[in-house]
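just to be clear, the model below is a prediction. Sequence and coordinates:
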Amino acid sequence: MLRSAIAVLAIAAAAVPALIPGTAFAVPSKPPVVVKDVSIPPVPLAELQRSITNDRHIKLGGVGSGLFPAARKGDYWMVTDRGPNGQPTVNGQKVRTFPIPEFDPAIVQVATRHGVEIKKYIPLTGRSGKPITGLSNQAGHDEVPYTWDGKTVLPFNPSGLDTEEVVRTWRGDFWLVDEYSPSLVHVSSRGRVLERYVPKGLNLTGADYTVKESLPGIYLTRKQNRGFEGLAINGNTLYIALQSPLQNPDKKTGDKSRITRILTFDIRSRKVTGEYAYQFEDVTTFDPKVNGDQSEMKVSGLTFVGRKRLLVDERTDNVARIYEIDLSKATNLLGGKYDDLATTPSLEALTDFSSVKLPSKSLVADLSVIVPTLPGKVEGIALLDRRTLVVANDNDFGLGDFGADGNLVDSGVPSRIVTIRLPKPLV
């Protein structure tokens, strides 16, 4: 009997974390560690897209907008955003510039076994086979596009996409998300845009592919340049995250809000099946450098863990952290009062969440500590197994200043893919 009691005590003692001498605190577990860090080669854009007449010395970049494991170990699918773009101040007003207006967003397959090799470069095309470009879609809803110097207005293009995030199905086709509408985009294995799912009431006409108004109309109140930016897949279910709170009922509310939204979409029925609230951290403690500006908080990536659990990339331009959330007990808001513009207070204005259950949330990795040299603009995340996390940054194509000749003076920020080993497996 005595031996049994001693054995039980020994097992219990072994299960208790060791204590730091002179304190009552347990020794923290080992931190996550970087096991691989590689950079995308700076290939001139004109070499990848032959229709570009003048790439202004801009190299391939922006591919960290998405990251998804390919079939072969060490290979990934990535996606560019709308292409090189800037926001200089011209005559006292900020304008959206497109230094290479003919740039076509592309899905890129890379191999990372020996540095980084570009295996496939798949430009996005419309029904006609022509490039869709990354230009703004329509006046009144999107920013007016300008040339590189901000002096000449470019035409809108209803087919243009500001792509963010990519997943690939077992059939070989792709799904992307877009910041303009915001929208969900179905793409063939060869890069042909098959369908684009947009909010009800957008009234987008003239696109070189099928457009379907299938998403809640309230998403038309998305903040400019802050549409969908996170995408994950589990079987036939897509998870879609809005980068920032809706400007609902107005910009002031949206900029102060800590609530954004995550949708679920069924691939078979082509219907939205769920909508959940996601609460950002308080920016004052998350990133003191932005002086309390809550609008600097963004969701820039999702990846599926298991059941209804996701990893979420929450960031500013200085700090990036990966959180695990569980949607299983969160309130499904789809079709309810918070999808109605007349609801007061709006979901974005809520401070009392007694009627809305938020998903549980826990910190998995603080990238600002684990990889302090990685820019805060981490937009691609992937999970290789329960203990291996991979992240990628968006370097904005190295955009910095332009010389008098109109050519880029590169910022020198590389596009990196970083593999991280977690101290214990996600369960």
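Structure received.

every contact and neighbour count from this point should use C-alpha atoms.
Will do.

which residues does the residue lying closest to G86 once chain neighbours are set aside contact?
The shortest distance from G86 to any non-neighbouring residue, by CA to CA, 6 or more residues apart in numbering, is to T97 (5.1 Å). In this structure, T97 makes contact with 85-88, 145-150, judged by CA atoms under 8 Å, 6 or more residues apart in numbering.

return the backbone torsion pair for T125.
T125 adopts backbone torsions of phi -130, psi 160, taken as degrees, to the nearest 10.

what's around it, how many residues?
Taking other CA atoms under 10 Å as the neighbour definition, T125 ends up with a count of 25.

what's the spacing between it and M78?
Taking CA to CA, to the nearest Å as the criterion, T125 is separated from M78 by 17 Å.

likewise V290?
Shown here: V290 relative to M78, a distance of 29 Å by CA to CA.

how would you label I118: helix, strand or coil?
strand (DSSP: H, G, I helix; E, B strand; the rest coil).

what's near enough to touch the nearest residue to it once chain neighbours are set aside?
Of all residues beyond its chain neighbours, the one nearest I118 is V110 (4.6 Å), with distances taken as CA to CA, 6+ apart. In this structure, V110 makes contact with 75-78, 116-120, judged by CA under 8 Å, 6+ apart.

change it to 7 Å
Neighbouring residues of V110 by CA atoms under 7 Å, 6 or more residues apart in numbering: 75-77, 116-119.

how about the secondary structure of S295?
The local conformation at S295, judged by three-state DSSP, is helix.

doesn't V272 lie inside a strand?
Yes: residue state for V272 (three-state DSSP) corresponds to a strand.

which residue is the nearest non-sequential neighbour of it?
F265 (4.3 Å).

next one: N234
Taking CA to CA, 6+ apart as the measure, N234 lies nearest to F304, with 6.6 Å between them; neighbours along the chain are not counted.

go on, D287?
The spatially closest residue to D287, leaving aside those adjacent along the chain, is V319, at 6.4 Å (CA to CA, 6+ apart).

ok, the one you found - contacts?
Each residue near V319 by CA under 7 Å, 6+ apart is listed here: 287, 368, 376.

A232 too?
The contact partners of A232, taken as CA under 7 Å, 6+ apart, are 167, 238-240, 302-304.

most neighbours among the residues you listed, which one is it?
Counting by other CA under 10 Å, top hit in the contacts of A232: L302 with 30 neighbours.

surely it and R309 touch.
No: proximity of L302 to R309 does not meet the contact threshold set by CA atoms under 7 Å, at 10.3 Å.

which one of V290 and M78 has more residues nearby?
Neighbour comparison, V290 and M78: the larger count goes to M78, with 26 against 16 (by other CA under 10 Å).

next up, the contacts around the more buried one.
Contact partners of M78, counting by CA under 7 Å, 6+ apart, are 63-64, 66-68, 107-109, 166.

can you spell out which residues form a bridge with it?
Counting by DSSP bridges, M78 is bridged to L67, V108.

if I look at it, how far off is E164?
Relative to E164, and taking CA to CA, M78 is found at 9 Å.

what residues are shared contacts of those two?
Contact criterion CA under 7 Å, 6+ apart; residues shared by M78 and E164: G66.

is A46 part of a helix or strand, or is it coil?
When the structure is reduced to helix, strand and coil (three-state DSSP), A46 reads as helix.

list the buried residues for stretch 133-152?
Going by neighbour count (16 or more other CA atoms under 10 Å), the buried part of stretch 133-152 is 133-138, 142-150.

which of those fall within strands?
Within the buried residues of stretch 133-152, membership in strands is found for 145-146, as judged by DSSP state E.

restricted to helices, list the buried residues of stretch 133-152.
Among those, no member falls in helices (criterion: DSSP state H).

which strand residues bridge the residue nearest to G86?
Beta-bridge partners of T97, as defined by DSSP bridges: G86, Y146.

what pLDDT does the model give it?
Per-residue confidence (pLDDT) for T97: 96.

okay, now the closest residue to E179 other than its chain neighbours: neighbour count?
Spatial nearest neighbour of E179, chain neighbours left out: G227 (3.8 Å); criterion: CA to CA, 6+ apart. Using other CA under 10 Å, the number of residues around G227 comes to 27.

backbone dihedrals for G227, please?
The phi/psi pair for G227 (degrees, to the nearest 10) reads phi -80, psi -140.

which residues in the stretch 151-300 of the chain form strands?
Shown for the stretch 151-300 of the chain, the strands assigned by DSSP state E, counting those that start in this stretch span residues 163-168, 174-178, 183-187, 193-199, 210-215, 228-234, 237-242, 259-266, 271-279, 298-306.

can you say which of these is nearest to P345?
Evaluated over these, closeness to P345 peaks at strand 259-266, with 12.8 Å, by CA to CA.

contacting residues around the closest one?
Contacts with strand 259-266, where a contact means CA under 7 Å, 6+ apart, come from 236-242, 244-246, 271-280, 348.

out of the residues you listed, which are buried?
By neighbour count, with 16+ other CA under 10 Å, these hold 237-242, 244-246, 272, 274-280, 348 as buried.

which strands and helices sit next to the helix or strand hosting L311?
For L311, the enclosing helix or strand under DSSP states H and E is strand 309-315. Strand 309-315 makes packing contacts with strand 298-306, strand 320-326 when contacts are defined by 3 or more CA pairs under 7 Å, 6 or more residues apart in numbering; DSSP states H and E.

can I have the last one written out in PDB, keeping just the CAs?
Listed next in PDB are the C-alpha coordinates belonging to strand 320-326 (Å, rounded to 0.1, in the frame of the first residue of the first chain):
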ATOM      1  CA  ALA A 320       2.700  39.400 -36.400                       C
ATOM      2  CA  ARG A 321       1.300  36.700 -34.100                       C
ATOM      3  CA  ILE A 322      -0.400  33.400 -34.900                       C
ATOM      4  CA  TYR A 323      -3.400  32.400 -32.800                       C
ATOM      5  CA  GLU A 324      -5.500  29.300 -32.700                       C
ATOM      6  CA  ILE A 325      -9.200  29.700 -32.700                       C
ATOM      7  CA  ASP A 326     -12.100  27.200 -32.300                       C
END
